[in-house]
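1. Build me a model:
(2 chains, ligands or ions: 2)
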2 protein chains.
Amino acid sequence: MAVSAPGSGVGHEDWLVRRLLRHPVRIVPLGFLVAILLGTGVLMLPPATEEHRYTPFVTALFTATSAVSVTGLVVVDTPTYWTPVGLVMITVLTQLGGLGILTGGTLVVLVVARQLGLRTRLLVQAETAEFGIGDVRRVLLRIGLTMLVCEAVMTAVLALRFAVGYDYPAGRAIWYGFFHAVQAFNNGGFSLYSDNLVGFAHDGWVTLPLAFGTIIGGLGFPALFEATRGWRRPGRWTVSTKLTVWGSLVLLLVGFAVLLAAEWANPRTLGPFGWEGKALAAFTQDAYIRTGGFNTVDVNGLDEASFPLLIALMFVGGGSASTAGGIKVATFFLLAFCIWAELRGEPDVTVGRRRLASASQRQALTVALLSVALVVAGTVTLILLTEGVSYDRALFEVTSAFSTTGLSTGVAQTLPSAGQLTLIVLMYIGRVGTLTLGSAIALNTRRRLYRYPEEQPIVG
Amino acid sequence: MAVSAPGSGVGHEDWLVRRLLRHPVRIVPLGFLVAILLGTGVLMLPPATEEHRYTPFVTALFTATSAVSVTGLVVVDTPTYWTPVGLVMITVLTQLGGLGILTGGTLVVLVVARQLGLRTRLLVQAETAEFGIGDVRRVLLRIGLTMLVCEAVMTAVLALRFAVGYDYPAGRAIWYGFFHAVQAFNNGGFSLYSDNLVGFAHDGWVTLPLAFGTIIGGLGFPALFEATRGWRRPGRWTVSTKLTVWGSLVLLLVGFAVLLAAEWANPRTLGPFGWEGKALAAFTQDAYIRTGGFNTVDVNGLDEASFPLLIALMFVGGGSASTAGGIKVATFFLLAFCIWAELRGEPDVTVGRRRLASASQRQALTVALLSVALVVAGTVTLILLTEGVSYDRALFEVTSAFSTTGLSTGVAQTLPSAGQLTLIVLMYIGRVGTLTLGSAIALNTRRRLYRYPEEQPIVG
Ligand SMILES: [K+]
Ligand SMILES: [K+]
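-> Numbers count the residues shown, from 1 in each chain, chains lettered A, B, ... in the order given. Ligands and ions are numbered 1, 2, ... in the order given. This is a model prediction of the structure:
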């Protein structure tokens, strides 16, 4: 697989990029594992904790995995347990994890697209031409720049708000702004407040920038880049981008409507607010649900009607090659289009004047059903390993871990080590699994010299 | 659509068969609806109840739907609530429902197979030739005969056992034998004992014949016929039959192993038995799980590890065009083969030297995902309509209703009318839904004169 193109500068610093391009499917899981283990090591050391003692291995591993996989589930209270050393480490791990998945995911998309000769608009020039190290570096730079700008803007707005509205001293205001900005863009979900963002539910200056940062980070670079470049002609977007952008919008609207309806009069969530407050809290919570992991309403206080919605939205997740998890918006809507075509008796599945390759259909089916199987297996494991956790709470926490969302009913903290290890495995698989699996099966296509006769069994 | 063939005798009695062949997809749901409403009317009348008063509409509707859809969920205690009149009505409704789904389903399979030019071995002679009324009548006769022989054998064995082992008078022994034989073959699940078959868990003379009857009825006529006719050369079975027969065997073994392991020492289920008793009760319960609906162990006493297994097995169900419900064994294993092929990077999905049509894959996907959506929607509806039902119990009862299994934790009886109506709708959709949907989408294929350019989005 030739990577370098004539005219591109191939320097020493390019070895990682070259490796990534050669073995994208192996490097991503390995890189995440190394980051997690290093992070665990640091977080275990006494300077990382307020009590200045060694943190138990599973607690540190859980926190590091949660940070690197940008999940945000916690087993200790973030602001009171960790010192600034620990918090900086969490920030670094989140930033690394987010950057890793954004760049790794985008490169995998590029490699897969090139291998299969697929249409992508990540490289502006020739669409399916060979791309070199220079092109790759440009894409990585663009990702870095997007991240930097988003985080800087959020940090600035939040710092100003904390300083002016809450009288934080300058240093503290900037640190708090920066910490949450990093978490938002990377869809991390850690917070410096024990009640997460519930205390700011009414304050759009804090929650709205974080919501928009969450949405941008969770959209993924391929869709983000194509949608912003080609915003004048959405009809010409690739199918992936169409599914991701319009699908995300649909899910945002559905989530907003259901949350508002279900929680409107709930005294433990939106009940106490006026209508603007209800709308604000519902919108921001909605933006954080699918993967951000912040919460502006008390998750334990949510109405019974909201739980299935949250679980479904978490499971779907965000955009492909984004900081979001889940089976991905494009996968979900691709399956919906398949079912719709089947019910209408259409021979082809068409999305916006494009016919879906049947290979994509089988990939989507595989990703979705294996994810269902994983969540079910995780839930059952959690139930069997622990006493007194109800099925719905276990399902919620497992889905949150698998989809690296980080919303929690607080179950994670009460679990024994075996249960926490289950969630750790789920966060890791959820983070690297769908991307790795999706690209591995896309690339690993065998050719057969013979075909068996076709048969069409009756179904149902 | 020409139905009659030269030489076949077309009499007056053939109008139903002709209609069925012309509109199989419409007649089945309509026929079930009529039977349910007539049954409801009869069950509401005072002579049907021990207290000789009018039964409330929802109770009668629930019981009639449960009987016609061969589910076996109950909202009143069968032996103490209904008089022999009511019980005979339940038997008639179960027999009608079972015969209806066996014949309707088999005819639909025939019609679909002929329309699509598919391989089927239901008609011995020319495989895809036009078939006439005469052929259809022969198939229906075979189904009737199979049913009659199975039920007669079970009735005889059970009646003897009840008379000799339990000193029932002759009439009572025959009636009890006949009632349970009809329930077993039709996968009905009603019982004349308040604890269902728990009292007979140790008695293989009672539970084994019922288990085998359940398995035969739940295999479906297409698979049963091909497997028994062609038992010497299983390699030449159609894909449907291979998937159904071997798949059922795999599910039976898995269910048996898990039940035995999970319940071995459970004092509320298998604990008190010796090892032969444990094996007997586990095997018979295993045979009833996927759709029979009898229980030889106390469902409420089951270990937490058994519940997910039961829910999964109920959801999968039995054979196509059988008295079983669920998404069907063939659908489940077809999807498993798709995923396996995808993970191995195979371009084709092959089952026993046959390549699966991609149409079948999309059908299986549609049936499975719509069924998941229905069960989730049903569970959420039940939770919202009722107080104090936990998610796992609601999921269990809803899956049992949808898959027309009839295993119950007793939740159905405690539900308010709205909750019972939810289960009624689920039983009806579960009974006629997958078959109707499966055949409707198989038959309703549009032709397009143009195709859009293909595109393969990234998945996951
Ligand atoms: K998160
Ligand atoms: K049943």
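2. Summarise which helices and strands the helix or strand residue A:436 falls within is packed against.
-> For residue A:436, the host element (DSSP states H and E) is helix A:417-443. With contacts defined as 3 or more CB pairs under 8 Å, 6 or more residues apart in numbering or on different chains; DSSP states H and E, helix A:417-443 has these neighbours: helix A:24-44, helix A:57-68, helix A:84-116, helix A:358-385, helix A:391-402. Every residue, glycine included, has its C-beta placed from N, CA and C.
3. Quick one: low-confidence residue ranges for the stretch 51-200 of chain A.
-> Residues of the stretch 51-200 of chain A meeting the criterion pLDDT under 70: A:112-133.
4. give me the residue from it nearest ligand 2.
-> Closest residue of the stretch 51-200 of chain A to ligand 2, CB to the ion: residue A:73 (40.8 Å).
5. what residues are up against that residue?
-> By CB atoms under 8 Å, 6 or more residues apart in numbering or on different chains, the contact set of residue A:73 is A:62, A:66, A:189, A:293, A:397, A:400-401, A:406, A:408, A:412, A:423, A:427.
6. any idea how far residue B:63 is from it?
-> As judged by CB to CB, to the nearest Å, residue A:73 and residue B:63 stand 47 Å apart.
7. Over to residue A:322?
-> 52 Å.
8. Could you do residue A:309 as well?
-> Using CB to CB, we find residue A:309 at a distance of 34 Å from residue B:63.
9. now swap in residue A:357 and tell me
-> Going from residue A:357 to residue B:63 by CB to CB gives 50 Å.
10. These two: which has the busier surroundings?
-> More neighbours surround residue B:63 than the other of residue A:357 and residue B:63, with 30 against 17 (other CB atoms under 10 Å in any protein chain shown).
11. Just confirm that one contacts residue B:71, I think it does.
-> No: using CB atoms under 8 Å, residue B:63 makes no contact with residue B:71, being 10.2 Å away.
12. Contact partners for the residue nearest to residue A:204 when sequence neighbours are not counted?
-> Spatial nearest neighbour of residue A:204, excluding adjacent residues (CB to CB, 6 or more residues apart in numbering or on different chains): residue A:280 at 5.4 Å. Each residue near residue A:280 by CB under 8 Å, 6+ apart is listed here: A:201-202, A:204, A:207-208, A:273.
13. Among those residues, which are located in helices?
-> Among those, the ones falling in helices (DSSP state H) are A:204, A:207-208.
14. which of the residues you listed lies closest to residue A:299?
-> residue A:207 (15.5 Å; CB to CB).
15. just the residues of chain A that are near ligand 1, which are they?
-> For chain A, the residues in contact with ligand 1 (CB under 5 Å from the ion) are A:71-72, A:187, A:189, A:293, A:406.
16. Would you mind giving the residues you listed as a markdown table with distance to residue B:146 and secondary structure added?
-> Conversion of the residues of chain A next to ligand 1 to a markdown table gives the following (distance: CB to CB, whole Å; DSSP: H, G, I helix; E, B strand; the rest coil):
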| residue | distance to residue B:146 | secondary structure |
| --- | --- | --- |
| A:71 | 55 | coil |
| A:72 | 59 | coil |
| A:187 | 58 | coil |
| A:189 | 59 | coil |
| A:293 | 57 | coil |
| A:406 | 56 | coil |
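17. Return the members of the residues you listed classed as buried.
-> A:71-72, A:187, A:189, A:293, A:406 (16 or more other CB atoms under 10 Å in any protein chain shown).
18. And the helices in the stretch 151-300 of chain A, which stretches?
-> Taking DSSP state H, counting those that start in this stretch, the helices of the stretch 151-300 of chain A run over residues A:170-185, A:204-219, A:221-229, A:239-263, A:275-289.
19. ok and the third one relative to helix A:204-219, angle-wise?
-> The one in question is helix A:221-229. Counting by axes from the mean of the first three to the mean of the last three CA atoms, to 10 degrees, helix A:221-229 points 110 degrees away from the direction of helix A:204-219.
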